[in-house]
Every structure is written in C-alpha cells, then in structure tokens.
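Undergrad: quick one, fold the following:
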Amino acid sequence: MSGVPAGTELARPFLPTRDFDLSRRFYEALGFEKTLDGEVAIFNAGSGGFILQRHFQADWAANFMMQLMVDDLAMWWAHIESLDLSTRFGVPPPKAPAMQPWGLLIAYVVDPAGVLWHVAQRREGAKQDR
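TA: Modelled structure (predicted):
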C-alpha cells in the first residue's frame, strides 16, 4: 500500500484572464460546460476541467498551455472553424491540425488572455492519451 489516498480526485488548473467576461464567453462558445459562475468560473471538458480566475499576469499567460485530448479532431476542428474566434473574441486565428514531430496531430487555439490550447487527436492504444 502506497499510503496515497485514491478515489475521485480531480486536478484543475487556474487559468488567467485579462477580461473575465470575454474569456468566459470564449469558453462557453467553445462548448465547455460551465459548472460554477461567480468570482471564478469552473468549466468542465470530459473528465477534466479548469478554473477561470480574475487574475492576469502577462508573462504567465503568454507561457501557459493547456492540452485537450479529443476522440475526433476533425470534428473539433470543424467546430472551432465555425466559431470565427478571431472576429468574435480578438484572438489569433486558430491553426489547423498538423502532425507534430513528437507524434501528435494537433490544432492550436489561443484564448483571449494568451493561453495556448493544444487540441490533440487521441491515439488508439496510447495509454498516455487517456
């Protein structure tokens, strides 16, 4: 026995926001499930999630990355493209899926605070992608 409690633990990072309301609308548009909306907003995606906070530090936000592993990147990409994120939220245009040297097919999306999202195609049989 390792002594480490095990159960239904959930790790959720705190994401920065320059404009809390704009970021909240951005994540709602992407389709994340908002489970709390107040001084912070909690969003879920599958078995993970994050906490959107009312805090911004430029160097931190510019170096913060999130990964969203998905079963069907082609469907996600069609959804992302349909949202016109650049026009609606003033973010850089999302980058289309491309195979990366480390073996993942990834599309890139930047949120209004500068957080870089790696939307990655889950690989069949790759335990680390679960």
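Undergrad: where exactly do the helices run in the chain?
TA: Assigned by DSSP state H, the chain shows helices spanning 20-30, 58-62, 73-82, 85-89.
Undergrad: got JSON lines for these, with distance to residue 104 too?
TA: To be clear about C-beta, it is placed using only N, CA and C from the backbone, and glycine gets the same treatment. What follows is the helices of the chain, written out as JSON lines (distance: least, C-beta to C-beta, whole Å):
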{"stretch": "helix 20-30", "distance to residue 104": "20"}
{"stretch": "helix 58-62", "distance to residue 104": "22"}
{"stretch": "helix 73-82", "distance to residue 104": "10"}
{"stretch": "helix 85-89", "distance to residue 104": "21"}
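Undergrad: among the ones you listed, which gets the worst mean confidence?
TA: Of all these, helix 58-62 carries the lowest average pLDDT, namely a mean of 94.
Undergrad: which strands and helices lie in contact with it?
TA: For helix 58-62, there is no helix or strand it packs on, judged by 3 or more C-beta pairs under 8 Å, 6 or more residues apart in numbering; DSSP states H and E.
Undergrad: how far off centre is that helix?
TA: 16 Å (C-alpha atoms, centre = their mean, to the nearest Å).
Undergrad: OK, contacts around residue 29?
TA: 83, 85, 88-89 (C-beta atoms under 8 Å, 6 or more residues apart in numbering).
Undergrad: whichever of these end up buried, select them in ChimeraX.
TA: The buried residues among the contacts of residue 29 can be selected in ChimeraX (16 or more other C-beta atoms under 10 Å) with this line:
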select :83,85,89
